[in-house]
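In: Can you look at this prediction? I've put the sequence above it.
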Amino acid sequence: MVVESWLARAARERPDTPAVNDLTYETLYERAKASAAGLPRGARVGLAIPPGVDYVVALHACLLAGALVVPIDLRLTEAERPDVDVVFGGEVRCAGDAADVRDEHDLDDPAILVHTSGTTSAPKPIRLTYGNWLWSALGSAVALGVDPDEQWLCTLPLSHVGGLSILLRSAIYGTTAIVHERFETDRVLDALERPDGPTIVSLVPTTLARLLDAGLQKPPALRWALLGGAPLPPALLERAADAGVPVAPTYGLTEACSQVATAGVPLFCTRVELEPDGEIVVSGPTVSPDAGDGQDVLHTGDLGAFDPDDGTLRIVGRKADTIVTGGENVAPAEVEAILEAHPAVAEAGVLARPDDTWGEAVVALVRLRPDAHATPTELIDHVRGRLAGFKVPKDLHLITDPLPRTASGKLLRRDLRIPG
C-alpha cells in the first residue's frame, strides 16, 4: 500500500505549524527536499548528527529520497559504528535540486534501521518499515489522544526507537516535536512549568525521579508523561501522582516500533499473549519483519502477567535475568521495585552469585539518596516483610556510584559487579 509522504502532507495541511522546535513544516519540507537531492534510493544513510533541527532535516531527507536511515550513536567509536553507504554528519546543507524526491511511502518498504539498546547482548539491527511507524503512531494516538496543538518534548536519544518515534509520530500527526540534545533537569523542569509548555513528555524512571526531586509539581500544560524504558517502581508512580504529574506507564521494544502497551493496555491492533512460562509474545502491524519467526510474531524475552481484576499487563522482568535459587524463580526487577520503594533508596540492582547450597543466591546493590541513612540489615528486613523468603537478598551491598545504564535509562544488568 502506498500513502502520501507524511512530511509533504503536513507541509500542505499545516505549513505554519512548528514541526521541530521553531522550524515550521513548510520550511522543514523545503530543507529536507533540498538535502534529499542526490541521495541514492535504497542506500544505507547514517545519521551522525547531534539531536536537534539538523537531525530532523536529515531524517526526513532520507525518507523523501527512499534511503534507509541508520541512526548512529555518537558515543560509539568508528570501529563500533554500523556500516553505511553515506553519512550525514554535522550541519545538513542543501545538496542540489529536488529532482530525486518522492512524495509517497510504500508501507512495506523499510524506512529506518534501528539498533536495540543492548541491555542483555550486543545491539541488534532491526528494520522498521513505513507501515510499522504508521501503525505505531495510530496506536499511540488511540491510547493517548492527539491535541491539534500537541507539543511532545523529546529528551531521549534519537539513535534509539523511543526518541525516533516522537519525531515520526509528530510528522504523521502534523504536530510539534520539541527536541533537547540531552536530558538536563533544570531545562526540562523550566519547560514543563510554563503555561504554554509541552503537552506530552517521554521520560524514563531515572529522569522522572530527578524532576520530582527538583520540585516538579502539577505541570500546567502536560497531558501525559509517557514513562518507559525500564521497570517502574510503584513508589515512583505514587510520588508522581502526589505531585500531580499525569503518568502513562508504557511497555515497548525496538522490534515492535516502540510502544506495545500503555497503562497496561495493548495498543490498537496489537495483540499481546503470554506463553506458559510467562514470556510476553506480541503480534500485529507494528512488529518488525526482523522479529525472528517470519510471521510478525515477536517473542520478547520479557516476563509478564495479566491483572486478574482488570486484565492489564504487568511486566515482571526479563526471562534471561531470572535467578533460580533453591529451585525457585526470582525476577530481579520485582526485588528492585521493593527496595526502591524504601524512602532511603535512590536505586537498586539485583543479580545472582553462585551458591553451593542454593545454586544461585540473590544479591542486591543499593545506592542511597543523598543525606539518607539505612543499613543493609534494615533494607533486607524491608524486603522480607513484603516478598517470599526465597526472594529476599542473601547479601546487600551499599554502593556510592550510580548503577550502569543505557542512554535510554535501562539498567545494564550484565555490567553489575558484586563489590570485593
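Out: Cool, the structure landed.

In: got the buried residues for the helix or strand hosting residue 28?
Out: When secondary structure is defined using DSSP states H and E, the element that contains residue 28 is helix 25-36. Buried positions in helix 25-36, judged by neighbour count with 16 or more other CB atoms under 10 Å: 25, 26, 27, 28, 29, 31, 32, 33, 34, 35, 36. Where C-beta positions appear, they are placed from N, C-alpha and C, glycine not excepted.

In: if we take those, which one ends up nearest to residue 344?
Out: residue 28 (47.6 Å; CB to CB).

In: how about the spatially most central residue of the chain, secondary structure?
Out: Against the mean C-alpha coordinate of the chain, by CA atoms, centre = their mean, the closest residue is residue 162 at 3.7 Å. Secondary structure, DSSP: H, G, I helix; E, B strand; the rest coil: residue 162 is helix.

In: I figured it hits residue 152, correct?
Out: No. Here residue 162 lies out of contact with residue 152, judged by CB atoms under 8 Å, at a distance of 11.6 Å.

In: what separates stretch 60-71 from the chain centre, distance-wise?
Out: Taking the mean of its C-alpha atoms, stretch 60-71 sits 21 Å from the chain's own mean (CA atoms, centre = their mean, to the nearest Å).

In: Equivalent analysis for stretch 15-28, please.
Out: That offset, for stretch 15-28, works out to 25 Å (CA atoms, centre = their mean).

In: got it, and stretch 64-83?
Out: 18 Å.

In: Alpha carbons of that stretch, as PDB, please.
Out: Taking C-alpha atoms only, stretch 64-83 is exported to PDB below (Å, rounded to 0.1, in the frame of the first residue of the first chain):
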ATOM      1  CA  LEU A  64      11.900  11.600   0.900                       C
ATOM      2  CA  ALA A  65      14.800  10.100  -1.100                       C
ATOM      3  CA  GLY A  66      13.700   6.500  -0.300                       C
ATOM      4  CA  ALA A  67      17.000   5.800   1.500                       C
ATOM      5  CA  LEU A  68      17.300   3.600   4.600                       C
ATOM      6  CA  VAL A  69      18.000   5.700   7.700                       C
ATOM      7  CA  VAL A  70      20.700   4.300  10.100                       C
ATOM      8  CA  PRO A  71      20.800   6.400  13.200                       C
ATOM      9  CA  ILE A  72      24.300   6.400  14.800                       C
ATOM     10  CA  ASP A  73      25.000   6.700  18.500                       C
ATOM     11  CA  LEU A  74      27.700   9.400  18.600                       C
ATOM     12  CA  ARG A  75      29.200   7.800  21.700                       C
ATOM     13  CA  LEU A  76      30.400   4.800  19.600                       C
ATOM     14  CA  THR A  77      33.900   4.700  18.200                       C
ATOM     15  CA  GLU A  78      34.400   4.400  14.500                       C
ATOM     16  CA  ALA A  79      35.000   0.600  14.900                       C
ATOM     17  CA  GLU A  80      31.700   0.200  16.700                       C
ATOM     18  CA  ARG A  81      29.600   2.100  14.300                       C
ATOM     19  CA  PRO A  82      27.400   0.300  11.700                       C
ATOM     20  CA  ASP A  83      28.400   0.000   8.100                       C
END
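
In: Now do the buried residues in it.
Out: Residues of stretch 64-83 classed as buried under the neighbour-count rule (16+ other CB under 10 Å) are 64, 65, 66, 67, 68, 69, 70, 71, 72, 73.

In: From the residues you listed, which one has the minimum pLDDT?
Out: When the buried residues of stretch 64-83 are sorted by pLDDT, the bottom entry is residue 73 at 88.

In: So that residue, which state does it fall into?
Out: Secondary structure assignment for residue 73 (three-state DSSP): coil.

In: Give me the helix or strand of the chain that scores worst on average pLDDT.
Out: strand 86-89 (a mean of 84; mean pLDDT, DSSP states H and E).

In: Touching that strand from outside, list them.
Out: Applying CB atoms under 8 Å, 6 or more residues apart in numbering, the external contacts of strand 86-89 come out as 39-40, 43-49, 58, 61-62, 67, 72.

In: Which among the residues you listed count as buried?
Out: Among the contacts of strand 86-89, the ones that count as buried by 16+ other CB under 10 Å are 39, 43-49, 58, 61-62, 67, 72.

In: Any chance of those in CSV with secondary structure and distance to residue 335 as columns?
Out: Compiled in CSV, the buried ones among the contacts of strand 86-89 are given as follows (DSSP: H, G, I helix; E, B strand; the rest coil; distance: CB to CB, whole Å):
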residue, secondary structure, distance to residue 335
39, coil, 49
43, coil, 47
44, strand, 42
45, strand, 43
46, strand, 40
47, strand, 39
48, strand, 39
49, coil, 40
58, helix, 43
61, helix, 47
62, helix, 43
67, coil, 45
72, coil, 36
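
In: and the longest helix along the chain, what does it pack onto?
Out: The single longest helix within the chain, with elements called by DSSP state H, is helix 130-144. When contacts are defined as 3 or more CB pairs under 8 Å, 6 or more residues apart in numbering; DSSP states H and E, helix 130-144 packs onto strand 110-115, helix 161-173, strand 258-262.
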